[in-house]
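A.B. asks: quick check, what structure comes out for this input:
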Amino acid sequence: MRNKYFFIILFVPILEIVTFISLADKFNTIGIILSILITTMAGIFILRRQGIAFMRYVKMGLKQDANFKNSFSSNFILFFSGIFLIVPGLITDAIGLILIILWLINYVKNVNKKNIKTDAFNVDGPVIDGDFENLTDKNEI
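C.D. replies: Residues are numbered from 1 along each chain as shown. You can find the predicted model right below:
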């Protein structure tokens, strides 16, 4: 088990360096470095904001919120996306951006669940389905 973590810790930086060198030949090196710095700042912003909000939510939400499990997983995804964005490198930035996209999809689903009313289509009594044709316009009376 320890060898597996050692392999990951050794392999990820080597893979990041190889990716950086291969992309630096094709693209602007300064642009790649700026994108890494911008995503690092975005990761720091996400972690600072998410850390404070998440701790407050955990303290208050355990007692009050029945949907705590779904919100916890959503906040956990955002937390890990911030960590991946902070780690310098293009592959970890891509993983962080994918996690942010997953978080956005989950967030939009939760917002839509709260805003859609399912009781609007309930009808009291039987529903009769049928077609009609207006004969007054055709002069076939």
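A.B. asks: only C-alpha atoms from now on, for both contacts and neighbour counts.
C.D. replies: Noted.
A.B. asks: what does stretch 30-37 contact?
C.D. replies: A24, P88, G89, L90, D93 (C-alpha atoms under 8 Å, 6 or more residues apart in numbering).
A.B. asks: list phi and psi for the second one.
C.D. replies: The phi and psi torsions at P88 (degrees, to the nearest 10) take the values phi -70, psi 130.
A.B. asks: neighbours of it, how many?
C.D. replies: 17 (other C-alpha atoms under 10 Å).
A.B. asks: name the SS class of the nearest residue to it once chain neighbours are set aside, please.
C.D. replies: Closest residue to P88 apart from its sequence neighbours, by C-alpha to C-alpha, 6 or more residues apart in numbering: I36 at 6.2 Å. Judged by DSSP: H, G, I helix; E, B strand; the rest coil, the three-state class of I36 is helix.
A.B. asks: equivalent analysis for G130, please.
C.D. replies: Applying three-state DSSP: G130 is coil.
A.B. asks: do T136 as well
C.D. replies: Assignment for T136 (three-state DSSP): coil.
A.B. asks: can you tell me how far it is from L97?
C.D. replies: Distance, T136 to L97, by C-alpha to C-alpha, to the nearest Å: 62 Å.
A.B. asks: those two: which has the busier surroundings?
C.D. replies: When T136 and L97 are compared for neighbours, L97 comes out ahead with 19 against 8, by other C-alpha under 10 Å.
A.B. asks: thought that one was touching S81?
C.D. replies: Yes. Counting by C-alpha atoms under 8 Å, L97 does reach S81; the two are 6.8 Å apart.
A.B. asks: which two in the contacts of stretch 30-37 are spaced the farthest apart?
C.D. replies: A24 and D93 (15.9 Å; C-alpha to C-alpha).
A.B. asks: who has more neighbours out of those two?
C.D. replies: D93 (23 against 15).
A.B. asks: understood, closing this out.
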